[in-house]
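Peer 1: The following block contains a protein sequence and its predicted model.
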Amino acid sequence: MSAAISAIKPRRLAPLALSGPTTLFFIGLVLLPLLLTVILSFNSYDYTAGIQSDFTFANYLTVLQDEYYLSTFWRTLRLALLTTVITVAIGVPEAYVLSNMRKPWRSIFLLVIIGPLLVSVVVRTFGWSMLLGKNGFVNSALAIVGLDPVQLLYTETAIVIGLVHIMLPFMVIPVWTVLQKLDPTVEAAALTLGASRFTALRRVVFPQAALGILSGSLIVFALSASSFAIPGLLGGRRLKMAATLVYDEFLIELNWPLGATIAIIVLVANLVIMLAYNRLIERQAKRKLG
Amino acid sequence: MQRNGPIALAFHSLVVVFMLAPMVVVCLVAFTPENTLAMPWNGLSLRWFEAVFHHADFMSSFGNSVRLALLSATISTVLAVPAALAITRYEFRGREALNALFLSPLIIPHLVLGVAFLRLFSLMGMGGSFGWLVATHAIVVTPYTLRLILASLTSMDRNAENAARTLGAAEWTVFRRITMPLMLPGISGGWLLAFINSFDELTMSIFVTSPSTVTLPVRMYMYASESIDPMMAAVSTLMIVLATITMIILDRLFGLDRLLVGKG
């Protein structure tokens, strides 16, 4: 690498000229807007006079003390965690089953599982709202069996079902990638040496898949916690999550400073969790190597 | 490789049903002749598809989304190619920081980006123009193009470039005849991923679109949360057909698993 670089005889200006326009674009349209949003979160809001250019912690105090906002944050955290756990429970075995399949089936079913990523989230969520609705197909099926209809749409259950559906590919992909690199003879060796199928899975396959599971669950958690369309369409007007809450503050209540405050809290929480989790993954990777 | 037992296959079937159910239902309901979201038990009808094509708002939103995705994917590629070259070919201070900055839209929730753009544009007094919408989408999709181009640059055989240089080729010729062709799979894959992501983006767009620039996902979200007629199912079916065609093309060209797993 270093030999190749010295062969180019780098002019000092070359990297600057190459990355300069993109850097300016990103400073202007990522860093600057984020800075403005942080500033906005410290402004106060008056329902008649609009946004004031003062400095106050009032928005943060409101959000962190008010029952309504706290319960929404708590729901966001709870549902994102629940989604992550369920996605692991379904996605990991599914990735394992996929990796054990024979030639044509493996790629066909991988396509079936990760292909929905290419279909708009709105479309898939709309599909769930029809399945789970009052006269939806789940309730029709229950009626045929002779059971009473259940309220599913506009409940937390509906949100979690929708989230799991959207997030499953994000769990299957990293786990499947790890399993692809796994030496299949190791598992066979464990079985030959008399380990039961379950022991071979628990002692040989699972520890090696751990890195894939960890990175998958990070993506799933982060995306679930800030998802918008699913709580918007499946949670109804009452069950808010962080993203729909911010939407309401900005576009319905028009209290931008408060909306900005919630958005910043979402961003900071997201970054903190990601950093902490990355530490965990790195430690796990080191332990595996050393 | 172990064989899947009957329990494993039963589980697998349930997962497949779970993944496909909402899309299958959407496609069936789209053919209903009724006025409500009902299964087409009493005959099939194309009336809701006809309604979509006569619905001026849906058609203009579709046009907006296609133009937006074409422009933002192209701009992001133009931004990502030189940035990727700088990051992979030069050692300079702040290289890691730049890489992190360019990939940051993957880590920052789209909701936060949407709010931030809305604030910026309102302060600039420029909210709602199509040009700014394109710029925001270019930001959001650049990580996808950049990642694939970076992957193609780091995995290519540098000896080809060095050989050309030794044989007396000028730097520009080396780039045009060797580097660029070797980057092409990364560039085209990245462009396509960027296009798809821009076309489907909802959460950020809902904050920065104006009535005249509403994109298809935003229009569909608004429509789905307000009315319950089968037209939404017809639009969704068309989107599923489009996505399936895209999926088959992508799979033939690149291998969908490789593209989505991000190894270019």
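Peer 2: Received the coordinates, thanks. Being a predicted model, the structure only gives us computed values, none of them experimental.

Peer 1: Which residues does whichever strand or helix holds residue B:197 contact?
Peer 2: Per DSSP states H and E: residue B:197 is located in helix B:180-200. Contact with helix B:180-200 is made by A:118, A:120-121, B:65-66, B:68-70, B:72-74, B:76-77, B:80-81, B:137, B:140-142, B:144-153, B:156-157, B:160, B:216-217, B:246, B:250, B:253-254, B:259, B:264, as judged by Cβ atoms under 8 Å, 6 or more residues apart in numbering or on different chains. C-beta: built from backbone N, CA, C; applies to glycine.

Peer 1: Now which of those would you call buried?
Peer 2: Taking 16 or more other Cβ atoms under 10 Å in any protein chain shown as the criterion, what is buried in those is A:118, A:120-121, B:65, B:68-69, B:72-74, B:76-77, B:80-81, B:137, B:140-142, B:144-153, B:156, B:216-217, B:246, B:250, B:254, B:259, B:264.

Peer 1: Filter those residues down to just the ones in helices.
Peer 2: A:121, B:65, B:68-69, B:72-74, B:76-77, B:80-81, B:137, B:140-142, B:144-153, B:216-217, B:246, B:250, B:259 (DSSP state H).

Peer 1: Spell out the secondary structure type for the nearest residue to residue A:117 once chain neighbours are set aside.
Peer 2: Computed as Cβ to Cβ, 6 or more residues apart in numbering or on different chains, the closest residue to residue A:117 that is not its neighbour in sequence is residue A:169, at 5.0 Å. The local conformation at residue A:169, judged by DSSP: H, G, I helix; E, B strand; the rest coil, is helix.

Peer 1: Now do the contacts for residue A:169.
Peer 2: A:113, A:114, A:116, A:117, B:260.

Peer 1: what's the neighbour count on residue A:206?
Peer 2: 13 (other Cβ atoms under 10 Å in any protein chain shown).

Peer 1: quick revisit: buried stuff in the helix holding residue B:197?
Peer 2: B:182-183, B:185-200.

Peer 1: Likewise for stretch A:58-67?
Peer 2: By 16+ other Cβ under 10 Å, the buried positions in stretch A:58-67 come out as A:58, A:59, A:60, A:63.

Peer 1: how about that stretch against chain B, any contact?
Peer 2: No: Stretch A:58-67 lies apart from chain B when judged by Cβ under 8 Å from any Cβ of the partner chain; the minimum separation is 13.4 Å.

Peer 1: after the helix holding residue B:197 comes which helix or strand?
Peer 2: Following helix B:180-200 in sequence, per DSSP H and E, is helix B:205-208.

Peer 1: quick one: that following helix to chain centroid distance?
Peer 2: 16 Å (Cα atoms, centre = their mean, to the nearest Å).

Peer 1: neighbours around the residue lying closest to residue B:128 once chain neighbours are set aside, how many?
Peer 2: Closest residue to residue B:128 apart from its sequence neighbours, by Cβ to Cβ, 6+ apart: residue B:210 at 3.0 Å. Each residue near residue B:210 was counted by other Cβ under 10 Å, and the total is 13.

Peer 1: Can you tell me how far the residue of the stretch 1-150 of chain A found nearest chain B is from residue B:256?
Peer 2: Nearest residue of the stretch 1-150 of chain A to chain B (Cβ to the nearest Cβ) works out as residue A:127 at 2.6 Å. From residue A:127 across to residue B:256, the span is 21 Å (Cβ to Cβ, to the nearest Å).

Peer 1: swap in residue B:21?
Peer 2: 21 Å.

Peer 1: Among the two, which residue is more densely surrounded?
Peer 2: Legend: neighbour count by other Cβ under 10 Å for residue B:21 and residue B:256, higher for residue B:256 (22 against 18).

Peer 1: got the contact list for the residue in chain B that chain A sits nearest to?
Peer 2: Nearest to chain A in chain B, going by Cβ to the nearest Cβ, is residue B:22, at a distance of 2.6 Å. Listed by Cβ under 8 Å, 6+ apart, the contact set of residue B:22 reads A:124, A:125, A:126, A:127, A:128, A:130, A:131, A:165.

Peer 1: Next SSE downstream of the helix or strand hosting it?
Peer 2: Using DSSP H and E, residue B:22 maps to helix B:6-29. Of the helices and strands lying after helix B:6-29 in sequence (DSSP H and E), the nearest is helix B:47-53.

Peer 1: Show me which residues of that following helix are buried.
Peer 2: B:48, B:49, B:52.

Peer 1: CSV for those, including pLDDT and distance to residue A:83?
Peer 2: Shown next, in CSV, are the buried residues of helix B:47-53 (pLDDT from 0 to 100; distance: Cβ to Cβ, whole Å):
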residue, pLDDT, distance to residue A:83
B:48, 89, 32
B:49, 90, 34
B:52, 89, 32
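
Peer 1: Let me know the closest of the residues you listed to residue A:13.
Peer 2: Nearest to residue A:13 among those: residue B:52, at 53.3 Å, using Cβ to Cβ.

Peer 1: and that closest one, what is it in contact with?
Peer 2: Taking Cβ under 8 Å, 6+ apart, one finds B:58, B:59, B:231, B:234, B:235, B:238 in contact with residue B:52.

Peer 1: hang on, the earlier thing: these two touch, right, the residue of the stretch 1-150 of chain A closest to chain B and residue B:26?
Peer 2: Yes: using Cβ atoms under 8 Å, residue A:127 makes contact with residue B:26 at a distance of 4.5 Å.

Peer 1: Find the residues that touch each one of these two.
Peer 2: By Cβ under 8 Å, 6+ apart, the residues touching both residue A:127 and residue B:26 are residue B:236.

Peer 1: contact partners of stretch B:7-19?
Peer 2: Contacts for stretch B:7-19 (Cβ under 8 Å, 6+ apart): A:90, A:93-94, A:96-98, A:100, A:109, A:112-113, A:116, A:165, A:168, B:4.

Peer 1: and what of stretch B:109-117?
Peer 2: Looking at what lies outside stretch B:109-117 - Cβ under 8 Å, 6+ apart - the contacts are A:29-30, A:33-34, A:36-37, A:222, A:225-226, A:228, A:242-243, A:246-247, A:250, A:259-260, A:263-264, A:266-267, A:270, B:105, B:132, B:136, B:139-140, B:201, B:203-208.

Peer 1: No more questions from me, cheers.
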